[in-house]
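# Got a predicted structure here, sequence first:
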Amino acid sequence: MAATFAPQPSSSRHRSRAAGLKSCMTKANAHTLTDIFDRSISYLRVSLTDQCNLRCVYCTPTPLSKLNHAELLTYEELLRVIAICVDLGIRKVRLTGGEPLVRRNVGSFIEGLAKINGLEDIRLTTNGVYLDKYAELLRQAGVNKLNISLDSLRRERFREITGVDCFDQVWKNIEMVCAKGFTPVKINMVAMRGVNDDELVDFAGLSLQRPLQVRFIEFMPIGNSAVWGKEKYIPSAEIMERVQVLGRLDPLAQHRMDGPARVFKLPGGMGSIGFISPLSHKFCEQCNRLRLTSEGKLRSCLLSDQESDLKSLIRNGASDEQIAALVMETIARKPQGHKVTEGENCHGRMSRIGG
Ligand code: SAM
């Protein structure tokens with residue numbers, strides 16, 4: 001399906017809809033969007049579906065529940081919202097889920113997305129199972145930057161964590177995308193004490209021989225809350241210390257479109273190692289993100305339950321200006337920082353919000 005929504009040229013109509021917000025014209029004739037804490041908002045993460053082909057113990061909701069297809073934003077609605085966000089100042093979009101590659105006709109949606117003027121960077125977060133099917137299409141659409149989730153390098157443990165015996169398939173696909181020149185390829189490993197922390201050094205070691213960025217993510221109290229527990233959480237500082245049996249970690253410079261990872265290199269390593277530390281090393285003051293959930297809600301913080309109901313607005317016939325106004329209002333309410341470390345709970349589901 002091709003994009004049926006033609007993005008409108010930027011105009012001053014979106015500016016200052018919400019008090020204190022800025023969506024300003026730059027010299028390059030594109031908008032930049034800044035929130036009330038002076039954070040540049042340029043990144044939209046989109047959960048295409050809450051469904052997933054894996055059943056990761058810490059992520060899959062219990063009891064298992066699924067949205068009906070009619071509850072998801074259609075591809076046409078998604079392209080319209082994304083184009084409006086790009087017009088306001090969003091430059092980078094990440095497709096996630098659930099598992100984005102399980103949504104029917106996702107290829108034609110990605111092709112439509114790639115045609116949005118002003119969208120500079122499209123990325124994908126996936127469990128990697130279907131990458132063999134989509135690699136060529138992704139490359140042709142310019143989606144070369146992949147995050148692949150992998151919590152174990154051991155086939156049997158992978159099956160225990162994900163509920164599916166497909167480690168070999170995922171590993172084959174990781175090697176395939178590296179060979180095809182996708183870059184960067186980032187491996188996301190959620191470190192959990194007593195579950196997979198005996199593999200921290202093995203994961204870090206992958207960055208020695210391969211051009212991968214191995215990223216250790218702190219386990220967050222979101223998703224299947226029955227599984228999360230303080231005893232499983234491992235702070236990045238401890239992971240750093242443990243992987244340095246392989247050598248000293250040298251910090252690498254951050255790039256403009258880089259996420260919140262602090263990135264290092266082992267001596268002689270082809271790849272790098274990143275640490276994402278939402279709990280021990282909050283990065284809220286640099287947070288440039290908005291999230292569109294699979295049920296069409298707009299969220300300005302992963303770990304805050306505040307959401308705006310974009311889907312109802314769209315389905316009640318809202319104009320582009322009204323949709324843009326709700327986006328601006330959502331950004332205006334973006335919290336200065338999450339409060340999970342101060343005991344506030346987040347009740348959202350990772351698969352719907354988009355990890
Ligand atoms: N299916 C895709 C995948 O597997 O990458 C995209 C969705 S998945 C929800 C995105 C990422 O969120 C995965 O890397 C997953 O490990 C991470 N994630 C889920 N629950 C988490 C939690 N409680 N703490 C930290 N990361 C989590």
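Structure's in. What do you need?
# all helices for this protein, in order.
Under the criterion DSSP state H, the chain carries helices at the ranges 75-88, 106-114, 131-140, 155-162, 167-179, 200-209, 236-243, 310-315, 320-332, 350-353.
# List the residues that contact the closest residue to the ligand within the chain.
Nearest residue of the chain to the ligand: Gly355, at 2.4 Å (CB to the nearest ligand atom). To be clear about C-beta, it is placed using only N, CA and C from the backbone, and glycine gets the same treatment. Counting by CB atoms under 8 Å, 6 or more residues apart in numbering, Gly355 touches 59, 96-97, 125, 149.
# likewise Glu99?
49, 51-54, 126-127, 129-130.
# ok, and the most crowded of these?
Asn127 (26 neighbours; other CB atoms under 10 Å).
# my read: that residue touches Arg55, true?
No - Asn127 is not in contact with Arg55 according to CB atoms under 8 Å; the separation is 10.8 Å.
# residues shared between the contacts of those two?
Thr162.
# just to revisit the earlier point, the ligand next: which of the contacts of Gly355 are close?
Taking CB under 6 Å from any ligand atom as the test, the ligand is in contact with 59, 96-97, 125, 149 out of the contacts of Gly355.
# roughly how far is stretch 205-220 from the heart of the chain?
16 Å (CA atoms, centre = their mean, to the nearest Å).
# May I have that stretch as PDB, with CA atoms only?
Output of stretch 205-220 as PDB, limited to C-alpha atoms (Å, rounded to 0.1, in the frame of the first residue of the first chain):
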ATOM      1  CA  GLY A 205      32.800 -10.900  23.600                       C
ATOM      2  CA  LEU A 206      30.600 -10.800  20.500                       C
ATOM      3  CA  SER A 207      31.800  -7.200  20.000                       C
ATOM      4  CA  LEU A 208      35.400  -8.400  19.600                       C
ATOM      5  CA  GLN A 209      35.000 -10.400  16.400                       C
ATOM      6  CA  ARG A 210      31.900  -8.900  14.900                       C
ATOM      7  CA  PRO A 211      30.800  -5.300  13.900                       C
ATOM      8  CA  LEU A 212      27.900  -5.500  16.300                       C
ATOM      9  CA  GLN A 213      26.900  -3.100  19.100                       C
ATOM     10  CA  VAL A 214      26.000  -5.300  22.000                       C
ATOM     11  CA  ARG A 215      23.700  -3.300  24.300                       C
ATOM     12  CA  PHE A 216      23.000  -4.300  27.900                       C
ATOM     13  CA  ILE A 217      19.600  -3.000  29.000                       C
ATOM     14  CA  GLU A 218      18.600  -2.700  32.600                       C
ATOM     15  CA  PHE A 219      15.600  -4.700  33.500                       C
ATOM     16  CA  MET A 220      12.700  -2.300  34.100                       C
END
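# Of the contacts of Gly355, just say which sits nearest to Asn196.
Ser149 (12.2 Å; CB to CB).
# Alongside the ligand, which residues does the protein contribute?
So the chain meets the ligand at 52, 58-59, 96-97, 99, 125-127, 149, 188, 190, 217, 219-220, 222-223, 228, 350-351, 355 (CB under 6 Å from any ligand atom).
# can you count the residues close to Leu150?
By other CB under 10 Å, 22 other residues sit near Leu150.
# That one contacts Met189, correct?
Yes - counting by CB under 8 Å, Leu150 touches Met189, with 6.2 Å between them.
# This completes my enquiry, with thanks.
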